[in-house]
Each structure stands twice: as structure tokens, then as C-alpha cells.
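S.K.: have a look; sequence and predicted model below, questions after that.
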Amino acid sequence: MRVLEPAQSVNIQDYQDMITSMNGTDQAGKPLLELRDVSKTFMKDGAEFRVLEKVNLSISEGEFVCILGPTGCGKSVTLQIVAGLLEQSSGSVILDGKEEHGPGPHKGMVFQEYALLPWRSVVENVELGLELKGIGKQERRKIAEEQLELVGLKGSEARMVHEISGGMRQRAAIARALANRPKILLMDEPFEALDALTKEEMQIQILKAWEKTRTTIFFVTHDVDEAIFLSDKLCVMDINPGRVKKIITNTLPRPRHELVCRTDREFGAIRDQIIQLYSSLKDEDLDLVF
Amino acid sequence: MTTESPVLISLRQVSKTYRKNGREFHALRDCSFDVMKNEFLVIVGPTGCGKSTLLNLMAGLDFPTSGTILLEGEPVTGPGADRGVIFQEYALLPWRSVLKNVELGFEFRKNGMNQREREDEAMKYLDMVGLGYAVKKHPGELSGGMKRRASLAMILAIKPVILLMDGAFNALDSKTKMTMHQEITRIWETEKNTVVFVTSDLDEAVKLADRIVVLNRDGSIASVLRNELPRPRLGSAARDLDFHHRFIGFRETVMNVIKKDAGLRTCAIS
């Protein structure tokens, strides 16, 4: 068992001041998720390898936060720690006021791989979590159908996984995660494997679903435009070791899929700011998509 | 790329129809364009638009239902060593070393090269793709990027007139992909090959292409766009903000063509 000592190592007032100064503004509501000095060290060839150094991040209820950075910045590791799939070496993860350990249905997850069960239909895949919770057949079918409609899959409920496209599979995976009514939805480069048009359609779809449900979303990407298009807040990461470089508040108008274009001046200004943040990085280390 | 370059491949009114579950399915409709010598041509379009079919037809792996495809004025009647094809999957023989895989092409050609000459020639291409240090390894010991390089060396060694690449860098992680973009650009610039490259990644298309052929979902050509962005477009060049704004502008122009076909809202390009 890991021994937690947050009270001894962190002065809460200092910490809150730090968060406020990093964000530039006060938090709108009480934070739903807080990362406090989260660090992660792996052992590699007998030597310690620091992948994450003192990450501090605060996500409010209903907020859409993107964590962005090149390979090796620890963005996926951060998400996996929040998901409870990895344990931090030090620091703490607080969700809804409680210290988090391990995975659970209150944290919905969507990864690049869809992880749908091939022997189940689309709607049966979405029902999976509800079934495990012991929810009755009729009610879980109703919830699943609602979620499928929300992600634009109405009419495809009875289809099998192999019959539908990659974009549709990812929609089903999102519906499955949302069906559990998670406190937070964790997404790790979910649209990475999709073609340019499908990717954009999926970004619009997740925004629509988010506008309706206001589920808090923590989204990992190395696609700068994707992060700007989706987020309320961008957590820009640095490498060697992985750490927070800057937190940018994104005030582009919403709904984005109606009011924002990637060619807009304001959009370009955020993109330029991010490029400049990485000006000291070597070319071969900068594998972000702009 | 100059406009006087002679035409290498010419497609005229090329259509391809498949029968699927007793119904006709149009993969390509009435496609006409030319591939110029030394050109880097990229074909983009949404999933299922027929871009891979188009490449297969040029490779001679499949034949059009109607229309003509000419390679240097001669009809394409089947595959040939003049066209090197690289797919997303690696076509390396697992029981042969990297060096022996690259030598394979010479072994089929009865041109009297001895073992030593074959080895030297293979080494030249392995060095070119930056894999000279791993020639004794077997495919199973290679990373995704190294397998890509090995396949590329294998195809380049045959000295094809044209390289036909279909989703060649799709399965690579973003960092390896970035390196491969630099490698393929460098090889294309030094070897002066002609490349036809199929992808659904618009960033990749804009980084690599002289011209971009955009396909509609119904398998017809939406547009052929000339990429006026100066080279080099990779590495430090990409960090120049002026260049970057032009890059984004052109990428969105391509995206708008695709969005228009899909009935989606397009962006204003300044």
C-alpha cells in the first residue's frame, strides 16, 4: 500500500494560490478533479526515469479540458493516473473531494482502440456497464438508446461491431461511456485513427453531446487544432521530464461547431501562442499536429 | 516542378464498378488526370471514396471497368517492376534478414549480378533510408518505423519509375511518421522519382504534395489543387509563423472541398 501524506507535504493555501495564478482567473465552481503535485517515475534498465514532474491541474464541473503535448510529455500517463490504471509515485488525485484509487464506473474511458465486444450488437455494447450494475433490461435498453441517439447512432442499434465504420465504433464507445453517467469522461486520443473528415465530424459530435450532458471531459491529444476547437482550458505540456508548461484559458465562443472556424484570427492566435511555447524544443521532438 | 514535365501516367475517364451483394457499386467515376514526371502527387478523400482503388489501378493490380490508364504512353496491363508499390502492411519476408529482403529484387532479375554486387547495391539503398546499421536483423526484430524503411529500401532497389504508396505511414506513431515524411521527401528530392501517395491525413498531404487530387465520396474527382507552399516544409520551416499561416490556409482549402461534398459548413479562407 502506498502511504499518502498530502497534509504534511502540501500547504493547501499555497496550493490554491498557485492554481489561481496559473489559471489567470478564479475557478468558476468548486473543482471536480484536482491533481496535486502528481509525479510518476518508472524504472528502466535499473535506472529511475521521471516521466511526470509535479503536475498541478484543476478541472471544474462541466469543464472541457484538453491536455496537449508532444510524445514523451506524459499526457497519457496523466490520464491513466486519473483513470486509476496507473498509480502515481507521489502527489494526489482528488475527484469530487475524495482521494482516488483505482478505476471505477464513475470515470468513463474512451481510448483510440474502441474495445467493443464483437459478439454483441451496438446497443448491447452500450448496455454493458448498466448490465454489470444490475439495471433491469427495459431500463438499460432505454438509457442505451438515448445515448446512441445523442452520439448520432440512432438506427444502428442492432448492427454488429464489424458491420460499422471506425467513426461509428468510436461513437458507440462514447455512448457506452456516457451510459454509466460518469462524473468525468476520460478520452485518450480517441480520434487519432480516423481520417480527416471523420475526425472533424467526431469532434462536432463530442461537442454536441457535451453541450447536452455537460459531462466533465478530460481529453488527451497531440493535435493542436483539436485541442483548441474542443477545450475550455488547455493544459500545454513540456518534455524531459513531462510537466505542465502553461495552462491557457480558451474563450472562443460556443457552440464551437457553429461559431468557430480554424481559419479564424482568434483561433490562429491561440495556435501561434502554442507554437511559440515550443520554440526551444528541437525539431525532432516536436511531433504535434498543427 | 515545372509544367513542361512530360506526363508519366495518364488517366482518362477511368471508372470502376464492383458487384456487391447483387448490386452495382461505383468505386470510381469518370476520373481523368495526369501524373507528371518527378511529381509528388497526393490523393486524398474520405474513407471509401475509392482512392486505394485508384492506386491499385495504376499499379495494375486491378483493372478499370471503363476508361484508359497509360504509363509513358503504353496501356497498363498488369503489375510491373517499373511501379514500386508500398502498402500499410509490410511486405517483408520474416525468414530473411533486412539485407536479404532488399536483395530479393535482384535475385529475380537475371542480370548476372554476383553475390557481392547484390550486397553492395542493397547496402546503398539501406544506407539511403538510414537503416545501414541494422542490415543483419530480421523483420521481427524491427520497430514499425524500421520496417517502413526496410520496405522502402526494398522497393527503391528495384529502381521503379514511380512509387505508389497507399497509407504507407498510417500505422506509425506521430514521431516516426514525422521522420518518415522527412526521409521520403529527401529521397524523392535526391532520386528524382515520381510518387503517387494515398492518404486520408490532410497534414501529411499538404507537407508532401506538389498537387493534391481530392476525391468525392461517390468516387468522382472533386478538385485537383496545386500546392504553392515553398519547400522545405518540414522541421524548422514549419515553425515560421508566416509559412504556418499559409500551411493552415491551404489545408483548410483542401478540407473545404471535402466538407462541401459532405454537406458540412466550410471555413472562410483569408
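M.R.: Okay, I see it.

S.K.: how far away is whichever residue of the stretch 101-250 of chain A sits closest to chain B from residue B:51?
M.R.: Nearest residue of the stretch 101-250 of chain A to chain B: residue A:195, at 3.2 Å (Cβ to the nearest Cβ). (Each C-beta comes from the backbone N, C-alpha and C, glycine too.) As for residue A:195, its distance to residue B:51 is 10 Å (criterion: Cβ to Cβ, to the nearest Å).

S.K.: joint contacts of these two?
M.R.: Taking Cβ atoms under 8 Å, 6 or more residues apart in numbering or on different chains as the criterion, residue A:195 and residue B:51 both touch residue B:200.

S.K.: against residue A:153, how distant is residue B:219?
M.R.: Distance from residue B:219 to residue A:153, by Cβ to Cβ: 26 Å.

S.K.: and what of residue A:253?
M.R.: For residue A:253 relative to residue A:153 (Cβ to Cβ), the value is 28 Å.

S.K.: looking at those two, which is more packed in?
M.R.: residue A:153 (23 against 10; other Cβ atoms under 10 Å in any protein chain shown).

S.K.: could I get the contacting residues of the residue nearest to that one when sequence neighbours are not counted?
M.R.: In space, residue A:153 comes closest to residue A:171 once its chain neighbours are excluded; the distance is 5.1 Å by Cβ to Cβ, 6 or more residues apart in numbering or on different chains. By Cβ under 8 Å, 6+ apart, the contact set of residue A:171 is A:148, A:151-153, A:202, A:205.

S.K.: equivalent analysis for residue B:86, please.
M.R.: Going by Cβ under 8 Å, 6+ apart, residue B:86 touches B:151-152, B:155, B:163-166, B:168.

S.K.: how about a cut-off of 10 Å?
M.R.: B:148, B:151-152, B:154-156, B:163-169, B:184, B:195, B:197 (Cβ atoms under 10 Å, 6 or more residues apart in numbering or on different chains).

S.K.: can I assume residue A:77 is in contact with residue A:42?
M.R.: Yes - using Cβ atoms under 10 Å, residue A:77 is in contact with residue A:42, at 8.9 Å.

S.K.: list residues touching both of these two?
M.R.: A:51-52, A:86.

S.K.: among those, who's most crowded?
M.R.: residue A:52 (27 neighbours).

S.K.: bridging across strands, which residues link to that residue?
M.R.: residue A:40, residue A:242 (DSSP bridges).

S.K.: now it: how far from chain B?
M.R.: Distance, residue A:52 to chain B, using Cβ to the nearest Cβ, to the nearest Å: 19 Å.

S.K.: so which bits of the worst-scoring helix or strand of chain B on mean pLDDT are buried?
M.R.: Sorting the helices and strands of chain B by mean pLDDT, DSSP states H and E puts helix B:98-108 at the bottom, at a mean of 87. Neighbour-count burial for helix B:98-108, counted by 16 or more other Cβ atoms under 10 Å in any protein chain shown, picks out B:98-106.

S.K.: who does that helix touch, helix- and strand-wise?
M.R.: Secondary-structure packing of helix B:98-108 (3 or more Cβ pairs under 10 Å, 6 or more residues apart in numbering or on different chains; DSSP states H and E): helix B:115-128, helix B:144-157.

S.K.: okay, now the residue in chain B positioned nearest to chain A: neighbour count?
M.R.: Nearest residue of chain B to chain A: residue B:200, at 3.2 Å (Cβ to the nearest Cβ). Residues near residue B:200, counting by other Cβ under 10 Å, number 22.

S.K.: please name the nearest non-neighbouring residue to it.
M.R.: Nearest non-adjacent residue to residue B:200 (Cβ to Cβ, 6+ apart): residue A:195, at 3.2 Å.

S.K.: sec struct for residue A:56, please.
M.R.: strand (DSSP: H, G, I helix; E, B strand; the rest coil).

S.K.: surely it touches residue A:35?
M.R.: Yes - counting by Cβ under 10 Å, residue A:56 touches residue A:35, with 6.1 Å between them.

S.K.: so the two - more neighbours on which side?
M.R.: The neighbour comparison of residue A:56 against residue A:35 (other Cβ under 10 Å) goes to residue A:35, with 23 against 19.

S.K.: for residue 69, report the pLDDT, please.
M.R.: In the absence of a named chain, this looks at chain A. According to the prediction, residue A:69 has pLDDT 95.

S.K.: right idea, wrong chain: chain B
M.R.: 97.

S.K.: ok, it - contacts?
M.R.: B:9-12, B:14, B:31, B:54, B:57-58, B:60, B:63, B:75-77.

S.K.: what about residue 58, neighbour count?
M.R.: Going with chain A. Neighbours of residue A:58 (other Cβ under 10 Å): 24.

S.K.: not what I meant, chain B
M.R.: 21.

S.K.: now do residue B:63
M.R.: Residue B:63, neighbours per other Cβ under 10 Å, totals 13.

S.K.: hang on, it packs against residue B:79?
M.R.: No - using Cβ under 10 Å, residue B:63 makes no contact with residue B:79, being 11.3 Å away.

S.K.: which neighbours do the two share?
M.R.: residue B:56.

S.K.: which residues touch the residue positioned nearest the centre of chain B?
M.R.: Nearest residue to the geometric centre of chain B (Cα atoms, centre = their mean): residue B:197, 2.3 Å. For residue B:197, the contact set (Cβ under 10 Å, 6+ apart) comprises B:40-44, B:55, B:86, B:163-169, B:184, B:188, B:204-205, B:208-209, B:212.

S.K.: about what we covered before: helix/strand/coil for the residue of chain B closest to chain A?
M.R.: Secondary structure state of residue B:200, per three-state DSSP, is coil.

S.K.: look at it and report its pLDDT.
M.R.: On the pLDDT scale, residue B:200 gets 91.

S.K.: ok, it touching residue B:88?
M.R.: No - with contact defined as Cβ under 10 Å, residue B:200 does not count as touching residue B:88 (11.4 Å).

S.K.: need the residues touching each of those two.
M.R.: Common neighbours of residue B:200 and residue B:88, using Cβ under 10 Å, 6+ apart, are B:167, B:170.

S.K.: who touches residue B:262 in this structure?
M.R.: A:197-198, A:200-201, B:46, B:216-217.

S.K.: beta partners for the residue nearest to the centre of chain B?
M.R.: The partner residues for residue B:197, given DSSP bridges, come to residue B:42, residue B:165.

S.K.: please report how far it lies from residue B:51.
M.R.: 10 Å.

S.K.: find residues that contact each of those two.
M.R.: By Cβ under 10 Å, 6+ apart, the residues touching both residue B:197 and residue B:51 are B:42-44, B:166-167.

S.K.: turn those into CSV, including neighbour count, pLDDT and distance to residue B:268.
M.R.: Shown next, in CSV, are those (neighbours: other Cβ atoms under 10 Å in any protein chain shown; pLDDT from 0 to 100; distance: Cβ to Cβ, whole Å):
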residue, neighbour count, pLDDT, distance to residue B:268
B:42, 27, 98, 24
B:43, 28, 98, 26
B:44, 29, 96, 21
B:166, 21, 93, 33
B:167, 20, 89, 31
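
S.K.: out of those, which is nearest to residue B:140?
M.R.: Comparing these against residue B:140 with Cβ to Cβ places residue B:167 closest, at 22.2 Å.

S.K.: for that closest one, give me its contacts.
M.R.: By Cβ under 10 Å, 6+ apart, the neighbours of residue B:167 are A:195, B:51-52, B:55, B:86-89, B:197-201, B:204.

S.K.: are any of those buried, and which?
M.R.: Of those, these count as buried by 16+ other Cβ under 10 Å: A:195, B:51-52, B:55, B:86-87, B:197-201, B:204.

S.K.: show me the two of these that sit farthest apart.
M.R.: A:195 and B:86 (18.9 Å).

S.K.: mind giving me the packing neighbours of the host helix or strand of residue B:11?
M.R.: Assigned by DSSP states H and E, residue B:11 belongs to strand B:7-20. Applying 3+ Cβ pairs under 10 Å, 6+ apart, one finds that strand B:7-20 contacts strand B:23-36, helix B:51-59, strand B:66-71, strand B:162-166, strand B:194-198.

S.K.: ok, 7 Å please
M.R.: strand B:23-36, helix B:51-59, strand B:66-71 (3 or more Cβ pairs under 7 Å, 6 or more residues apart in numbering or on different chains; DSSP states H and E).
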